[in-house]
Structures are given as structure tokens and as C-alpha cells.
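Undergrad: Just a sequence and a predicted model for now, questions to come.
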Amino acid sequence: MLRRAFIAVSWLAALGAGALGALHGITQASTTSTTALIAVVGAFGAIVIGSIAHKPPFVVAVTAAFSILVISASRHIEAQSTSGTSPIVELLLLASQAGLVVGLLLIVRRRLIGQLANVLTDGIIVGLGAWVLVWIFLIQPSLALTNNTPAITAIQSATLGVAMIVLFLLATLLFSNTAPSAPVAFLGLSVSLGLAGIILRSVIVRSDAYLFASTVNASFFIAFALAGASFLHPNIRHIDSGAISRSTAPLMTRLMTTTVSLIAPIIVLAITDPHDSTDRGVRTVSVIVLAAAVMLRVIQSVRLNATTQDTLVRNALTDSLTGLPNRILMLEHIEKAIQSSWKTTQRPTVLFIDVDRFKSINDSLGHSTGDAILTEVARRLSNAISPQATVARIAGDEFVVLDSTTESPTQSVVLAERILDALRDPMKGNGGDMFVTASIGVAYAVPTLRLSAEDLMQHADTAMYRAKSAGRNCIALFDDSMLESVTKRLDVETALYRALERNELRLVHQPIVDIDLGIVIGFEALMRWDRTGAGTVSPIDFIPIAEETGTIVPLGSWAINDALQQLRSWVDTGVCSPSTTMSVNVSARQLHDPEFVTIVSNALESSGVSPEQLWLEVTESVMITEPTQALSALRRLNALGVRIAIDDFGTGYSSLSLLQKFPIQCIKIDRAFVNDVSTDQATQNIVRTIIAMAEAMGADVVAEGVEDKSQLQTLKTLDCHRAQGYLISPPVDVHDVPRVVRSIEDPDSWVSTTI
Ligand code: C2E
Ligand code: MG
Ligand code: MG
């Protein structure tokens, strides 16, 4: 409401300003007339009220008040004086323009940070250029007509020169990224009218043109009233804030203005002849000063260019968050260190530092906390190393330290330990203290190996991975065997990708028996990879890689299909009873695949196996990593009729509450317990407890890895009715299954005799 009122009053005042000026000019009023008083007192009042109500930038209010004060004083003194122009009047006018230059510069400075000197030089060039024209067309011809003293002439000329700088600064301000608003327009108009007043006045004084003093003053009074009006507007508060940043437009405008101000006087100087020796002197001095200003501007531009280039190069080689060198620069440093270590006893050490679990910190606490942590890590690393060492941030949460002064691997490790120590203290976060740890890989340059910088960094990286898999928050020193395992892994990764297409995968089957009846009640399908040229690869070696790379998804779905087709054909050919089950191992990654349930139901449909005959074996880890997603997949599978078994039970970290939440129909007791069950009382108690728990959950129990008869007998006494293991049969090829089933179920076989 109040804001609206202020806006209305401001516009009324601006419109009133025009009327006031017109009235003053037409009535040829004096400087003590009502119109003059309204303009001056009103403007001051508006500046005071506006400053209290809208809090505009201090410099704007002071500049406006100062200019109004000195100009109105000059107007009054001039009107009172009878002896023509006095130096005081001229000095006051000069002061008003100088005040405007200072005020405008202060405002411009906020906008053009770092460019103030350039703007000032541009201003001087424009001012001087305009001054040359003013001298040739206004001052010089009128010198003969007036009887001004040289001092007054000099001050008047200076005022005109400075007024030209005001004009230039005003243009810079208006053409730059000023937010367009009513106060900007009012003030711009006000300054322009003030300038018009000064030029008109010099025309009156110098030439024979006939203009009333009150007409000149009218333009000043309109300027005052407009300035006052701008202060009443609420937007005066934002007068020095820019609109959307435009960086090229104001530059172009400035360039054009400066060029014109340079060329125009040169042309005029070239085509006009000096009238007398004073004229020649003034022209010569002006041209020399102008040339000096242009030279200064060129120097500034060249310097600015150099610094810009410097910044660009620096930005390309440093990390913007921490200000540390980046990967490219670090590699250069390492290369230099290796080169210069040849002839000395020094062997550069490269540490590869990866912040542990940074991704989860970033995801859970937000990116700004993540950035704060990285900055703090950078600071601690920089403090922990010796002045000769360098630290770089080469990617997200990865830092590299280079110390070229080390002379033995022991010293390298000591350095790494110092860094682990440096990170030990908690870091201050928004929600309290945070403990950040890191895994560090250490690589030490051995001169005989002729390693490149890339190699050395790669070695440190490889060692860092070893530190991660050793449980994080620790150090690993690189050795050649690591390189082998990395190459091997990479090799497996690529070959595995093609394994399915090349039919290199097959399933072997391990029978699961009913201990009491001595019959095969099911099979567990286990994957084998007959890798071309490398023999049969164990799933222990390739399943983890397949899980990491995601290849397990197509591999796993192939396994389900193949196992069910196999079961179908065995049932059809009478190898096993129609109710025999098929267990297939499933990784967490597969459960997270949105297509998984469809894949399973399609496999059931195409094989014609009833869902109750399919057991999917998952490990406890499934319940821990992203349990909600896994839970929903398992529930939908259960709804199909498929059954779920917990594999390797007892080796994971699942809690009773999770077990109770998950739909589980079978628990497979891990081989580790079965191994000692007949010899160790404590293990026996654990197995007994597991069986009791499974019973309470309404789940079946299968003992895995039964290798001798005593184990089987103990399990039987503990009320465990199902088992699998080498004692009964190892996993066998498809064509061996009929024979193995027959031999297990043979009444004369060991199983029947044992039971
Ligand atoms: P698992 O599911 O616990 O499979 C049982 C493992 O124990 C098999 O090893 C089997 O050969 C072995 N085993 C069976 N009886 C005995 C015994 O009496 N003594 C000993 N020492 N070992 C026995 P395998 O075939 O090497 O499989 C290892 C693991 O690889 C499996 O453990 C399973 O977790 C995974 N795996 C195998 N095939 C697949 C698959 O198709 N998909 C997925 N996701 N994982 C699979
Ligand atoms: Mg299994
Ligand atoms: Mg198992």
C-alpha cells in the first residue's frame, strides 16, 4: 500500500518537474522565486525522505545532494553578481561535475569489478576527445567575444571536459547491465539535463546566442526535481544492482564510444587550421595528452588480456573446488620428478587417496556437505605433506600426493600413514561431527622399471583398490602381483561378456536328498564356464565379476531357463519323480532387475514346471543391500508360487527382524557349520538352534557340504532331514545325473545303508 503511494508520488513529482521547469523558464523567474525554491527544497526533502524510507545506496544520495547543492549555489551567486562571471561560480560548477564523476565511478565500480581503471581511461579519452571539439567549436571562437580572464576560461574548459566524462560514465552505466527502472530513467534524465544546462550556459557566456539565464536555470531545476522524484520511488534501493549480466554488450558500446571520441577530434584537427599560437598550443597539448591516454588504454588492454589468458591456463590445470592441481598438472609434476630422480638417490612416491564411502555421504547429506568435506580433506592433505610434496585432486573424491624426496618404500608408507592420521580427527558437519576415512594406494618409483607418470599413478590406483578390498581406511603398497590380478580381472570381464553368445556356459547339478528316505528330492544347479583356452572356470572366480558388471542378469536368466528345461526332461524321461525340485542361485543384482519376475514366470511357463518346484537361493546379503527392492521382488515371486531359500545361512549379517520380514521357505545351513557339527559341541548347538528357528518360521532346512557319514548321522539326530554334499554326490554333468540318481536311490548304496 505504502509502496504504491510512493510510486504514485514519485511519478507525480517527475511529471511536476517538467511543469515546474517550463513555468520557471516562461516566467523568467529569479533564483529566489517559488519555482526555484520548490525545485531545490523539494529535491532535498525527497532525497532525505527517500533515503529514510527506501535506503538507497549511500553514495547515490550523497552524490545527488552534493551536485544539487553546488549547482544551486552557483546559480544563486551568479544571479546576484553584477560583474559577469566569477571564478567561484565556475569552480562550483566544476565541483558539481567532479562530484558526479566520483559518484558515478563508485556506482560503476560495483558493476565492473576489476575493470575500473579501464573505464576511467576510456572516460578520459572520451572527455579529452569531446574537449578538443568543445575547444575548437565553442571556446576558441568565443575567446575574442568575451572578456573572461584566462583563469575563468581554463576552469570553464575543464568543467566541459569533466562534463564529457560524466556523459561517458552515464552512458557506461545505462548501457551496461543496469536493471531498467523508473529511478534509473529519472536519474539518467536528470544528469543529462544538468549537462545540457552547463553546455547551454557556456553558449550564453561565450557566443552571441541570446538565451535567458532563467531558461538555462530551468534545465537545472528540472534536473533537481527529477533527482528528487527518483528518490521517492521504492526501486531506488536497487539502483546499483545489475539486471541479467551482459558482458559483451557494454564492452561493444564502450569500444564504439571511445573510437568515435578518438577519430572525431583527429579529423577535425586535420581539417581545421589553428587560429593563433594559443590555439596551436592548446591543440598540441590536447593531442599529446590524448595520445598518452590511448597508450595507457592499450597497455591496460594488453595486460588484461595476459591476465585473462593466465587465468584460463590456470583454470585448465587446477581444480575449481579446492584450487589444487588437477590430473593433467599432476602427471606433469610426476613426470618431472621421475626425470630428475635418475641421478639421485631419491625415488618419487605417488599416493592415490580415495575417500571411503564418499558417494553415500554425498547422497545422504547433500552435495554442499560433500563439497565441504572434499575441501577439508584437501586442506588436511596439504598440511600433512612436506613443502616439497604436491597434492592434487584428480577426480570426485580422488586425491594424489607426490613426494619426490622419499628414498625407500618404508618412507613412502610412513608418508601414507601420516595422511591417514591427518584424516583421523572428526570433521565438523551441519548435523555434528563426521568421521571420514580414506584408502591409500602407494606406488614407489623404481628406476630400473622406467615407469611413465601414467604408470606410476596407475600403480598407486591399483594399490588403492587393494586397500579398499582389504576393508578401507588402510594403506596398500603396490607390487607386481597386483598388476597381474588387475589384468586378469579385466580379461575375465571382457571374455565373460561373450561367454553366453559362445555357449561357453553350462550347468552342473548337485542332488539334494531326503536323509530319512534315501531319495533324491531335488537338484541345485551350479554354473560352470568352459572358457576357450583356459579350461573350466569356477563360479567363485567369475560370479563376483559378473555381479559387478551386471552380466549376471542375462547369465542368471539363462541359468533359470536351462535348469527348468533340464528338470522337465528328467521328469519326462522318468529320471526323477514328478515332484523333484530345482534350486537356482540368484544374485541381489538380479532381484533389482525390474524384468526379473517376468523372466522367471516365462521360464516356468515355457518349461511347464510347476512354480512350487522352483527354489530360488538368495544369500543373506540380499536382505541387507536395498532390502525394500529385493523384498518386493521376492514377494511377487512367492505370489507366483516360487519358493525362496536362504543360502549359506549363518555366514552373513542378517538379523532376526529381517528374517521374519522376508518370505523364506527354506534355510540352507552353511558348510562351515556342517563341517564341525559331528566334532564340536558349540557348532552342534548352533545348528540345533538354526533348525529350531527354521521350524518356528515354518521353513525347511537343508544341510550343505556334507562330506562324511558322521556329519550326516549327527544332522539326522538333530532333526535335519535334507542334505547335499560330496558325500552324497558332487555337482555332476547333465548326462551323469540319471546314473547318479540311480546309485543314490539304490537300496544297496551307502546312503541307504548309512541311514
Ligand atoms: P552355493 O550356492 O553355496 O553352492 C554350493 C557350493 O558348494 C558349490 O560350489 C558346490 O560345488 C560346493 N559344494 C557342494 N558340496 C560340497 C562339499 O561337500 N564340500 C565342499 N567343500 N563344497 C561343496 P560352486 O559350484 O563352486 O559354487 C560356488 C558358489 O557360486 C555357489 O555357492 C553360488 O553362490 C555361486 N553360484 C554358482 N552358480 C551360480 C549361479 O548360477 N548364479 C549365481 N548367482 N551364483 C552361482
Ligand atoms: Mg546355492
Ligand atoms: Mg551355499
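TA: Everything's here; your move. Ligands and ions are numbered 1, 2, ... in the order given.

Undergrad: pretty sure residue 397 contacts residue 354?
TA: Yes - if you go by C-beta atoms under 8 Å, residue 397 and residue 354 touch, sitting 6.1 Å apart. Quick note: C-beta positions are derived from backbone N, CA and C, even for glycine.

Undergrad: so how far is the helix or strand containing residue 439 from its chain's centroid?
TA: In this structure, residue 439 sits in strand 438-444 according to DSSP states H and E. Put simply, strand 438-444 sits 26 Å off its chain's centre (C-alpha atoms, centre = their mean, to the nearest Å).

Undergrad: Return the alpha-carbon coordinates of it using PDB.
TA: This file holds the C-alpha atoms of strand 438-444, laid out as PDB (Å, rounded to 0.1, in the frame of the first residue of the first chain):
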ATOM      1  CA  ALA A 438      40.400 -42.900   3.100                       C
ATOM      2  CA  SER A 439      42.000 -45.900   1.400                       C
ATOM      3  CA  ILE A 440      45.500 -45.200   0.200                       C
ATOM      4  CA  GLY A 441      47.500 -46.900  -2.600                       C
ATOM      5  CA  VAL A 442      51.200 -46.400  -2.500                       C
ATOM      6  CA  ALA A 443      53.500 -46.600  -5.600                       C
ATOM      7  CA  TYR A 444      57.200 -46.100  -5.400                       C
END
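
Undergrad: helix or strand right after whichever strand in the chain runs longest?
TA: Once the chain is assigned using DSSP state E, the strand that runs over the most residues is strand 519-531. Following strand 519-531 in sequence order, the next helix or strand is strand 535-537 (DSSP H and E).

Undergrad: next one: that next one to chain centre, how far?
TA: 46 Å.

Undergrad: For stretch 587-595, measure first residue to last.
TA: End-to-end distance for stretch 587-595: 14 Å, by C-alpha to C-alpha, to the nearest Å.

Undergrad: what's in contact with it?
TA: Residues outside stretch 587-595 that contact it (C-beta atoms under 8 Å, 6 or more residues apart in numbering) are 543, 546-547, 550, 552-553, 556-557, 596, 599, 618-619, 621-622, 625-626, 629-630, 633-634.

Undergrad: which parts of it are buried?
TA: By neighbour count on 16 or more other C-beta atoms under 10 Å, the buried set for stretch 587-595 is 587-593.

Undergrad: The strand holding residue 439 - which strands sit beside it in the sheet, and in what orientation?
TA: Looking at strand 438-444 with DSSP bridges, its partner strands are strand 349-355 (antiparallel), strand 475-477 (parallel).

Undergrad: the domain parsing of this structure - what is it?
TA: 2-304, 327-478, 509-527+537-754 (automatic domain parsing).

Undergrad: Of all those domains, which one is nearest residue 315?
TA: Residue 315 sits nearest to domain 327-478 of all these, at 11.2 Å, using C-beta to C-beta.

Undergrad: What mean pLDDT does the closest one get?
TA: For domain 327-478, the mean per-residue pLDDT is 89.

Undergrad: gap between the two ends of it?
TA: Taking C-alpha to C-alpha, domain 327-478 runs 20 Å from one end to the other.

Undergrad: Which residue ranges of the stretch 301-450 of the chain form helices?
TA: 327-341, 358-365, 367-384, 409-422 (DSSP state H, counting those that start in this stretch).

Undergrad: Of the ones you listed, which is nearest residue 61?
TA: Minimum separation from residue 61 across those (C-beta to C-beta) falls at helix 367-384, 37.7 Å.

Undergrad: which parts of that closest one are buried?
TA: Quick answer for helix 367-384 (16+ other C-beta under 10 Å): 369-370, 372-374, 376-378, 380-382, 384.

Undergrad: again, but for stretch 181-193
TA: For stretch 181-193, by 16+ other C-beta under 10 Å, it's 181-184, 186-193.

Undergrad: then it to CSV, C-alphas only?
TA: Provided in CSV are the C-alpha atoms of stretch 181-193 (Å, rounded to 0.1, in the frame of the first residue of the first chain):
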residue,chain,number,x,y,z
SER,A,181,13.5,1.0,-13.7
ALA,A,182,11.8,4.4,-13.2
PRO,A,183,14.5,5.8,-10.8
VAL,A,184,17.3,4.8,-13.3
ALA,A,185,15.4,6.7,-16.1
PHE,A,186,14.7,9.7,-13.8
LEU,A,187,18.3,10.0,-12.6
GLY,A,188,19.7,9.5,-16.2
LEU,A,189,17.5,12.2,-17.4
SER,A,190,18.4,14.4,-14.5
VAL,A,191,22.2,14.1,-15.1
SER,A,192,21.6,14.7,-18.9
LEU,A,193,19.6,17.8,-18.2
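
Undergrad: what does the stretch 451-600 of the chain put close to ligand 2?
TA: Residues of the stretch 451-600 of the chain lying near ligand 2 by C-beta under 5 Å from the ion: residue 585.

Undergrad: swap the cut-off to 6 Å and go again
TA: 524, 585 (C-beta under 6 Å from the ion).

Undergrad: related to what we said a few turns ago, quick one: least confident of the buried residues of stretch 181-193?
TA: residue 181 (79).

Undergrad: what's the neighbour count on residue 360?
TA: Neighbour count for residue 360, taken as other C-beta atoms under 10 Å: 9.

Undergrad: what's it in contact with, if anything?
TA: Contact criterion C-beta under 8 Å, 6+ apart gives no residues in contact with residue 360.

Undergrad: For residue 38, see how far away it is.
TA: 71 Å (C-beta to C-beta, to the nearest Å).

Undergrad: Quick check: chain neighbours aside, which residue is closest to residue 459?
TA: Distance criterion C-beta to C-beta, 6 or more residues apart in numbering; nearest residue to residue 459, sequence neighbours excluded, is residue 443 at 3.8 Å.

Undergrad: Who does the one you found form a beta bridge with?
TA: Going by DSSP bridges, residue 443 forms beta bridges with residue 350.

Undergrad: how deep is residue 2 tucked in, by neighbour count?
TA: The burial count for residue 2: 8, using other C-beta under 10 Å.

Undergrad: Do I have it right that residue 172 meets residue 108?
TA: Yes - contact status for residue 172 versus residue 108: in contact at 5.9 Å, counting by C-beta under 8 Å.

Undergrad: Show me the common contact partners of these two, please.
TA: Joint contacts of residue 172 and residue 108 (C-beta under 8 Å, 6+ apart) are residue 119.

Undergrad: Compute the number of surrounding residues for residue 646.
TA: Residue 646 has 25 nearby residues by other C-beta under 10 Å.

Undergrad: tell me the contacts of it?
TA: Taking C-beta under 8 Å, 6+ apart, one finds 617-620, 654, 659, 662, 664, 666-668 in contact with residue 646.

Undergrad: Please tell me how far whichever residue of the stretch 301-450 of the chain sits closest to ligand 3 sits from ligand 2.
TA: Proximity of the stretch 301-450 of the chain to ligand 3 (C-beta to the ion) peaks at residue 357, 28.5 Å away. Noted for residue 357: a distance of 29 Å to ligand 2, by C-beta to the ion, to the nearest Å.

Undergrad: same thing with residue 235?
TA: Counting by C-beta to the ion - residue 235 and ligand 2 are separated by 74 Å.
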